[in-house]
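this one's structure only:
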């Protein structure tokens, strides 16, 4: 099944709407700059980030050892979208105090916002050494791991987080999605079921449970969960597609097509739903509808080979031979190892009277089919060997 969009942990990745270290909590090193710090804090409370930035910069000049001023300066720079200056301010603070939790946290958040997940991960990992219980730092650390597709470590972190917050459905849902990525479908089913005990009407969780059940081979239960998701939230993105895919696997083409059409009403740009609808039309010999849908798919995704092949077959049936040839030549160029495309191209060449080209295409298809058969035979005889 096509996976639903990952529903990661919901946490704010904006820096503090207030200053991270208040004037009352500063260290003795900041005493000479106390007046500037108070003025900066007042400006920040009024969302006057430029004035706050100027005041914190002045405070840092007056009291060079005041790392709190540097951290808050970095926060104001981020509010002003001056990320390079923010990073420098946080690094300057950490150069003076490498154990400053707020410096590592805000540096990690800044890198995360810039999609620099490797750097975010390391900064947040360090922050957690100094404050292991900080929820936002751990959530962003997990999100960084996920963005880097380091799913095993992300799962371990989420499992530990659930031990601390056992009644948090959002954390459970995030872990379930990671389990799906790791193909641990039974574990995913179990954690989604626990999340639904806490939030039985969470449509997204029913959708994800349906996906996990489908991958675990429980088609009936999967379909029931996907139906429940669409009942709870008829406009839930990808839910109708997922249900349609479940019907399609069971050969229920009428129900599948109806769900794909519902998905397209909600999300006209969903290529997979349009492809599946076009494919059903083709199977039912509704060529005009098939060509209409598949042409839109190919226009949106010019490298989507299955859509190109099916569209070419529909055009062949409509006796649009030259268009079919153009499409199939594109398909074999996209994947020169796929025998079916060459076989279809051979048929198209034959219809066009291009006998030499047809012979070459059929010969290539036969060679590729033979190679694929041999590869599968080796895989069966040596199941632990990768091919």
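Right, received. Where do you want to start? All values derive from a computational prediction rather than experimental measurement. Numbering: from 1, shown residues only.

Helices along the stretch 51-200 of the chain, start to end?
With DSSP state H, counting those that start in this stretch as the criterion, the stretch 51-200 of the chain has helices at 67-79, 83-96, 101-113, 117-130, 135-147, 151-164, 169-181, 185-198.

can you state the direction angle for the first one and helix 83-96?
Read that as helix 67-79. With axes from the mean of the first three to the mean of the last three C-alpha atoms, to 10 degrees applied, the angle from helix 67-79 to helix 83-96 works out at 160 degrees.

Buried residues in helix 67-79, which are they?
Using 16 or more other C-beta atoms under 10 Å as the test for burial, helix 67-79 gives 67-79. Every C-beta, even on glycine, is put in place using the N, C-alpha and C of the backbone.

export the residues you listed to TSV and tack on pLDDT and distance to residue 256?
Shown next, in TSV, are the buried residues of helix 67-79 (pLDDT from 0 to 100; distance: C-beta to C-beta, whole Å):
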residue	pLDDT	distance to residue 256
67	94	61
68	92	60
69	94	62
70	96	59
71	95	55
72	95	57
73	96	58
74	96	53
75	95	52
76	96	54
77	97	53
78	95	48
79	95	49
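
Farthest pair within the residues you listed?
Largest separation among the buried residues of helix 67-79 by C-beta to C-beta: 67 and 79, giving 19.1 Å.

could you redo the buried residues of helix 67-79 as JSON lines and give each row distance to residue 335?
JSON lines is the format used below for the buried residues of helix 67-79 (distance: C-beta to C-beta, whole Å):
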{"residue": "67", "distance to residue 335": "57"}
{"residue": "68", "distance to residue 335": "58"}
{"residue": "69", "distance to residue 335": "59"}
{"residue": "70", "distance to residue 335": "54"}
{"residue": "71", "distance to residue 335": "53"}
{"residue": "72", "distance to residue 335": "55"}
{"residue": "73", "distance to residue 335": "54"}
{"residue": "74", "distance to residue 335": "49"}
{"residue": "75", "distance to residue 335": "50"}
{"residue": "76", "distance to residue 335": "52"}
{"residue": "77", "distance to residue 335": "48"}
{"residue": "78", "distance to residue 335": "45"}
{"residue": "79", "distance to residue 335": "49"}
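
ok, the residues you listed vs residue 44, which is closest?
Ranked by distance to residue 44 (C-beta to C-beta), the buried residues of helix 67-79 are led by residue 76 at 6.8 Å.

Stretch 275-290 spans what distance, first to last residue?
9 Å (C-alpha to C-alpha, to the nearest Å).

Give the other helices and strands that the longest helix anywhere in the chain contacts.
Among the segments of the chain that qualify as a helix by DSSP state H, the longest is helix 355-381. Identification of packing neighbours for helix 355-381 by 3 or more C-beta pairs under 8 Å, 6 or more residues apart in numbering; DSSP states H and E yields helix 339-351.

The helix it packs on: how far from the chain's middle?
How far helix 339-351 lies from its chain's middle: 37 Å, per C-alpha atoms, centre = their mean, to the nearest Å.

Identify the spatial nearest neighbour of residue 87, chain neighbours not counted.
Excluding its sequence neighbours, the residue lying closest to residue 87 (C-beta to C-beta, 6 or more residues apart in numbering) is residue 110, at 5.8 Å.

now the helices of the stretch 51-200 of the chain in CSV, with distance to residue 249?
Shown next, in CSV, are the helices of the stretch 51-200 of the chain (distance: least, C-beta to C-beta, whole Å):
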stretch, distance to residue 249
helix 67-79, 48
helix 83-96, 47
helix 101-113, 38
helix 117-130, 35
helix 135-147, 28
helix 151-164, 25
helix 169-181, 17
helix 185-198, 15
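
which one of those is the most hemmed in?
Most buried of those, by mean neighbour count (mean count of other C-beta atoms under 10 Å): helix 67-79, with a mean of 27.

what angle separates that one from helix 101-113?
Using the same axes, to 10 degrees: helix 67-79 against helix 101-113 is 20 degrees.

packing partners for helix 67-79?
Using 3+ C-beta pairs under 8 Å, 6+ apart, helix 67-79 sits against helix 34-45, helix 49-62, helix 83-96, helix 101-113.

on that earlier part again, what is the mean pLDDT for the longest helix of the chain?
Average pLDDT, helix 355-381: 84.

Tell me the buried residues in it?
Of all the residues in helix 355-381, those buried under the rule 16+ other C-beta under 10 Å are 357-358, 361-362, 364-365, 368.

Adding distance to residue 321, write those residues out as TSV.
Converted to TSV, those look like this (distance: C-beta to C-beta, whole Å):
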residue	distance to residue 321
357	12
358	12
361	14
362	17
364	20
365	18
368	23
